[in-house]
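# no FASTA, just this:
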């Protein structure tokens with residue numbers, strides 16, 4: 001009996017290293033080996049990297065850098081030290097899927113420009129809308145992009161935004177001064193959505209706008225959830241919120257059709273604009289794009305504004321220069337709101353905005369899915385794999401920006417500390 005136990009114990013102890021090796025190489029054997037064995041006319045190879053453990057992949061390492069030591073850029077730096085730079089692509093297994101990380105400007109540009117191959121994977125098309133700018137590709141995307149950008153970027157549209165946004169912003173600042181202590185994110189969230197309601201559908205603060213706000217909050221919580229449409233899940237709740245929003249916006253759209261007066265909000269613009277052939281957007285395209293644009297701009301506006309306040313408090317020299325530029329303009333305006341033309345003249349203010357966007361990194365990474373095999377500079381991106389566009393690293397890589405973690409608006413001055421990406 002003693003010999004039998006010793007034998008089993010020896011087998012168990014001897015087998016543990018073998019089991020560990022099998023688990024360590026399992027994803028490589030499952031995902032990579034078939035690609036190498038499958039006959040192919042291409043000489044392109046997979047990017048360097050490692051796929052990690054079964055199911056988990058490299059998620060534990062990812063969470064270690066992001067959540068534990070809070071140095072997310074080291075996740076990429078560790079791969080560069082181990083595998084070399086190459087073309088800025090590394091194979092891995094993240095969020096339950098075989099993936100290619102793209103962390104250099106050139107390869108990110110390649111993926112963005114090849115939108116007929118790399119399709120949007122996150123956020124869910126179901127939540128954004130199947131006819132939204134985020135969901136369509138190829139010629140359909142080009143057509144829709146022309147409609148939306150023409151409405152948003154028209155000179156009259158940009159000029160109308162400044163006088164509409166400022167009254168609420170000034171009132172909010174006065175209110176915050178009286179309170180003395182505020183939750184910056186919550187307050188900016190409130191002001192941002194009130195302005196969105198006005199600019200997108202001419203909605204004033206009240207019960208309807210509060211309802212829409214709550215429904216968008218439900219969608220945002222589902223955007224980051226796994227896309228399982230099961231009762232009780234965040235994604236299911238987000239889908240239900242979207243259906244209710246579509247119903248509300250459909251009523252507003254029909255109401256606008258019967259109005260003689262045009263309110264010049266985004267919904268009116270999308271309803272009225274025509275292409276060169278005289279075609280208009282369908283009602284569904286109008287609603288889908290309003291929903292997707294609000295999802296994209298709602299939280300990101302509040303988060304960016306919050307970080308602006310943080311960096312201005314942390315860098316008083318920047319705040320002093322920003323205040324000086326704005327006070328000089330304010331004295332000339334004598335109480336009047338600034339105009340679009342005034343904003344264009346505020347050079348340092350615009351630099352602060354650019355630097356805030358760079359440092360805030362609201363979208364740390366984006367996801368695309370390869371609908372067919374693609375090649376980039378001798379490396380292949382297999383069909384069905386996820387491409388993780390590591391946008392954050394473009395902004396924090398010292399090869400692209402001098403002293404990247406320093407909040408320095410002057411880096412955007414012409415001929416001074418220019419970003420190299």
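Cool, got the structure. Note that the coordinates shown come from a computational prediction; the quantities given were computed from them, not determined experimentally. Numbers count the residues shown, from 1 in each chain.
# All the strands of the stretch 251-400 of the chain, residue numbers only.
For the stretch 251-400 of the chain, the strands defined by DSSP state E, counting those that start in this stretch occupy 366-370, 374-376, 379-381, 386-389.
# helices and strands around the longest one, which ones?
Counting contacts by 3 or more CB pairs under 8 Å, 6 or more residues apart in numbering; DSSP states H and E, the secondary-structure elements packed against strand 366-370 are strand 118-122, strand 386-389. C-beta here means a position set from N, CA and C on the backbone, and glycine is covered the same way.
# now, of the ones you listed, which is deepest in the fold?
strand 386-389 (a mean of 23; mean count of other CB atoms under 10 Å).
# which one is the residue most central in space within the chain nearest to, not counting chain neighbours?
By CA atoms, centre = their mean, the chain has its centre lying nearest to residue 363, at 3.5 Å. Counting by CB to CB, 6 or more residues apart in numbering, the nearest residue to residue 363 once its immediate chain neighbours are dropped is residue 391, at 5.8 Å.
# The one you found and residue 100: what is the separation?
15 Å (CB to CB, to the nearest Å).
# Those two: who's more crowded?
Between residue 391 and residue 100, residue 100 has the larger neighbour count (other CB atoms under 10 Å), namely 26 against 17.
# buried residues in stretch 324-337?
residue 325 (16 or more other CB atoms under 10 Å).
# contact partners of it?
162, 163, 166, 167, 170, 338, 342, 345, 346, 347, 348, 349 (CB atoms under 8 Å, 6 or more residues apart in numbering).
# Tell me which two of these sit farthest apart.
Spanning the widest gap among the contacts of stretch 324-337 are 167 and 347, at 25.0 Å by CB to CB.
# got the residue ranges for the helices in the stretch 101-250 of the chain?
105-113, 125-128, 138-152, 155-179, 184-201, 207-223, 234-258 (DSSP state H, counting those that start in this stretch).
# isn't residue 303 right up against residue 192?
No - here residue 303 does not reach residue 192: they are 9.6 Å apart, not a contact under CB atoms under 8 Å.
# Looking at the two, which is more packed in?
Under the criterion of other CB under 10 Å, the comparison of residue 303 against residue 192 puts residue 192 first, with 22 against 18.
# Low-confidence stretches in the stretch 51-200 of the chain?
Residue ranges of the stretch 51-200 of the chain with pLDDT under 70: 123, 155.
# from the contacts of stretch 324-337, which is closest to residue 215?
Out of these, the member with the shortest distance to residue 215 (by CB to CB) is residue 167, at 25.5 Å.
# quick one: contacts for the closest one?
residue 337.
# ok, back up a step: which among the contacts of stretch 324-337 end up buried?
By 16+ other CB under 10 Å, the contacts of stretch 324-337 give 338, 342, 346, 348, 349 as buried.
# pLDDT check: weakest of those residues?
Within the buried ones among the contacts of stretch 324-337, residue 338 has the lowest pLDDT, namely 85.
# That residue is in contact with residue 166, isn't it?
Yes - using CB under 8 Å, residue 338 makes contact with residue 166 at a distance of 7.1 Å.
# circling back: can you list the strands of the stretch 251-400 of the chain in a markdown table and add mean pLDDT and distance to residue 108?
Shown next, in a markdown table, are those (pLDDT from 0 to 100; distance: least, CB to CB, whole Å):
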| stretch | mean pLDDT | distance to residue 108 |
| --- | --- | --- |
| strand 366-370 | 92 | 9 |
| strand 374-376 | 94 | 11 |
| strand 379-381 | 95 | 13 |
| strand 386-389 | 95 | 5 |
